[in-house]
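K.L.:
Mind folding the following:
(2 chains)
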Amino acid sequence: MSARHVRLVIEREALDYRRQKRVWRRLFLQPLLFIAVLSVPVLLVQQAQSREQDREVTVAVQGDAIDVPGLVDALTKPPLHYRPSTDAARDVVGSAAEVGLVLAPSTKAAVERGTPVPVQLLTLPTETGSRLGGGTVAQRLAELRAATVNAATAARGLPPSVANPISLTPKDLATTTATGTRFGLAQGLPALLVIQLFGLMSNAEERIAGAKDRRVLEPLLVLPFRRRDIVLGIGGASLGIGFLAAALVFVPLALGLATFVGSVAKTVGGSFDVVSAILVGAILLGTFFTSFGLYAGARAHSGGEGSTFVTVAQVAVFAVVASTPFLSELAAKGPILAAPVIGPMLLIREGAASGLDTTQLVTAIAGALVVARLLVDRATRLVGAEVSVLRASK
Amino acid sequence: MIEVDGLVRVLGDARVLDGLSFVAPQGSITGFLGPNGAGKTTTMRVLSTLLRPTEGTVRIEGHDVVKEPLEVRRVIGLVTEEPSLLDRLTVREQLVFNAKAYDLATNTTAERIELLVDLLGLHDGIDKRAGALSKGNRQKAALARALVHDPPVLLLDEPTANLDIVAQAGMQELLQRPDVVGGKTVFLSTHVLDEAERLCQRVVGIVGGRTVAEGTPAEIVERTGAATFRDAFLALVAETAMAPPPSP
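P.N.:
Just a heads-up that it's a prediction; the model follows:
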């Protein structure tokens, strides 16, 4: 390999890239559009949940609630709205109420005997209002139960800890701690990085297959350069431009995500693990996408053939990205770390969540290098073969 | 000098070149004539190391195209039917790139580019992006790129085929000028007989991947007994078409 020849090709390609608007659109705009499109449903769900949480919850109560001390009061405090009913189930299904309570006819007798009162809680989980309202009613009933127990134990001269041995305070780690923020980031980062670096595959493919269409590959091939130097030069320029775009687009994006997840500045800015996971993952993903694009371009007779091949490959990559939420049980260790796309994605998740060890890094880097080497070798052979200068018909 | 001996190239099921042999002497313009599909472009691609021969040997300036492809690429300049320029780069940027590829020093590069701009009349186009040039100027830029490292061998694959009549005449005039191609071994592939007769000291005729004639235009006319070079060449093509295929 001649480093000088590779550098010359990189400079020439970079100059051409700089003046090619389509490349900038693909590398800068496309990831932002993807992320915007993916964000819309998430934002809509969040908005709907927030709206439902603030909304009044009508509770259709079937039976004599008045027989249970404190029950009517508990069900009339906002956001709950008490509504007597003769058929609570019909009211819930017919959207007249979000939640239904059915008290058995034996309620009064049960209260008098001091036995538990049988109550059915009716919700329609497919409706967000009903699902959230059900939780609110259940919590209100739990509070009523606790108040009743407290009063009973106090009447017997017992300390409150007999009724409530545990004082429970829920805490959302995702929004209140640096570690929680890291876990939150760990779920989103791999997919975002893949989306950001996705365009590299098409770019590298286009630089070779498109060059065949425009007949500008042949003048490169008759220069006194080794084929490998030409392929590496084209790949190096694609990778460099891709990383530049990633640096400009992804860093603000990751910071934005981090801010969204929680108290973040010290997490993203200060955490070496998160930053190194992003860096290593980006290099591994970028190297794979670029070398695959080089191979796709070299094997194609024309730009159209190459882009069809890349589109099929991109569908496969999307399938991997889409399956990320189902891979939480998959540990980031062993040979799977060496696999293209999925390995770096696991590595990023692991690195962002809890840091990386040397074995994980070595396995992932070695795997990516071997795969990239095989693809570049194949691309080099194909660029030197007749597929580079003959039309598809031959 | 270009030496081709028993060149065979198979593409798929087709034997596109079938034992082609010829010599293009040093310092002269050799025309490479043949009808469409005769194998001219395939031969040019083998000479320029873009395709490997299936059989036979090809030597350029003493270098074997299979064993020493890098040395061959150092001594050739190639102009194809399409100028094959990067549209978004200026002509100067592309010439500088090629000069660097051939290890020319910076001051030598500047001198060569100025010389070629003068010789080829590229003053208006040198700092324009190639995509903004006329077809004729694009082909001149391609010729400048092939000449920037001053190669001893110039391979021209139908360089006037896509040009209008004025641009064709301009390109042909350039190829006749000693200050442009003097001292070089020029191998000009064309199917325009008049162009070959006017520009070339020697011609090689190819039909069906085989050599059908080799010599000066006058020798070929004399050998066939035809009145003109055009009639002589057409007679050779017709003769070959009627001849039985060679035994394998």
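
K.L.:
Show me which residues of the stretch 1-150 of chain A are close to chain B?
P.N.:
Taking CB under 8 Å from any CB of the partner chain as the measure of proximity, the stretch 1-150 of chain A contacts chain B at A:H5, A:L8, A:E11, A:R12, A:L15, A:D16, A:R19, A:Q20. Any C-beta I mention is one placed from the backbone N, CA and C, and that applies to glycine too.

K.L.:
how much space between the fifth one and B:R92?
P.N.:
When CB to CB, to the nearest Å is the yardstick, A:L15 and B:R92 sit 12 Å from each other.

K.L.:
which non-adjacent residue is nearest residue 32?
P.N.:
Defaulting to chain A. Spatial nearest neighbour of A:L32, excluding adjacent residues (CB to CB, 6 or more residues apart in numbering or on different chains): A:V249 at 6.6 Å.

K.L.:
oops, chain B please
P.N.:
Nearest to B:F32 is B:S189, by CB to CB, 6+ apart, at 4.2 Å.

K.L.:
returning to that earlier point: give me the element the residue nearest to A:L32 is part of.
P.N.:
Element membership for A:V249, per DSSP states H and E: helix A:227-261.

K.L.:
swap in A:K108?
P.N.:
Using DSSP H and E, A:K108 maps to helix A:107-113.

K.L.:
okay, that helix in CSV with CA atoms only?
P.N.:
Output of helix A:107-113 as CSV, limited to C-alpha atoms (Å, rounded to 0.1, in the frame of the first residue of the first chain):
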residue,chain,number,x,y,z
THR,A,107,-71.3,-5.2,51.2
LYS,A,108,-73.3,-4.0,54.2
ALA,A,109,-73.2,-7.4,55.9
ALA,A,110,-69.4,-7.7,55.3
VAL,A,111,-68.8,-4.3,56.9
GLU,A,112,-70.9,-5.3,59.9
ARG,A,113,-69.1,-8.6,60.3
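
K.L.:
What about residue 199, how many residues nearby?
P.N.:
As the question left the chain open, I've gone with chain A. 26 (other CB atoms under 10 Å in any protein chain shown).

K.L.:
try again with chain B
P.N.:
Using other CB under 10 Å, B:L199 has 22 other residues around it.

K.L.:
same question, A:A339
P.N.:
17.

K.L.:
coming back round to it: tabulate the residues of the stretch 1-150 of chain A next to chain B (a markdown table), appending secondary structure.
P.N.:
Output for those, formatted as a markdown table (DSSP: H, G, I helix; E, B strand; the rest coil):
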| residue | secondary structure |
| --- | --- |
| A:H5 | helix |
| A:L8 | helix |
| A:E11 | helix |
| A:R12 | helix |
| A:L15 | helix |
| A:D16 | helix |
| A:R19 | coil |
| A:Q20 | coil |
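
K.L.:
Just the buried subset of those, please.
P.N.:
For these, a burial check counting by 16 or more other CB atoms under 10 Å in any protein chain shown picks out A:H5, A:L8, A:E11, A:R12, A:L15, A:D16, A:Q20.

K.L.:
gap between the fifth one and A:A237?
P.N.:
Look at A:L15 and A:A237: by CB to CB, they are 9 Å apart.

K.L.:
what sits opposite the residue nearest to B:F32 in the beta ladder?
P.N.:
Beta-bridge pairing of B:S189, defined through DSSP bridges, involves B:F32, B:D157.

K.L.:
And it, how close does it get to chain A?
P.N.:
15 Å (CB to the nearest CB, to the nearest Å).

K.L.:
Correct me if wrong: that residue contacts B:G39.
P.N.:
No. Counting by CB atoms under 8 Å, B:S189 stays clear of B:G39, with 10.1 Å between them.

K.L.:
what residues does chain B put near chain A?
P.N.:
Taking CB under 8 Å from any CB as the test, the list of chain B residues beside chain A reads B:11-12, B:45, B:48-51, B:70-71, B:73-74, B:76, B:78, B:80, B:82, B:84-89, B:93, B:97-98, B:100-102, B:129, B:145.

K.L.:
Would you write a PyMOL line that selects the buried entries of those residues?
P.N.:
Entered in PyMOL, the line below selects the buried ones among the residues of chain B next to chain A, by 16+ other CB under 10 Å:
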select buried, chain B and resi 45+48+49+50+51+71+73+74+76+78+80+82+84+85+86+88+89+93+97+98+100+101+102+129+145
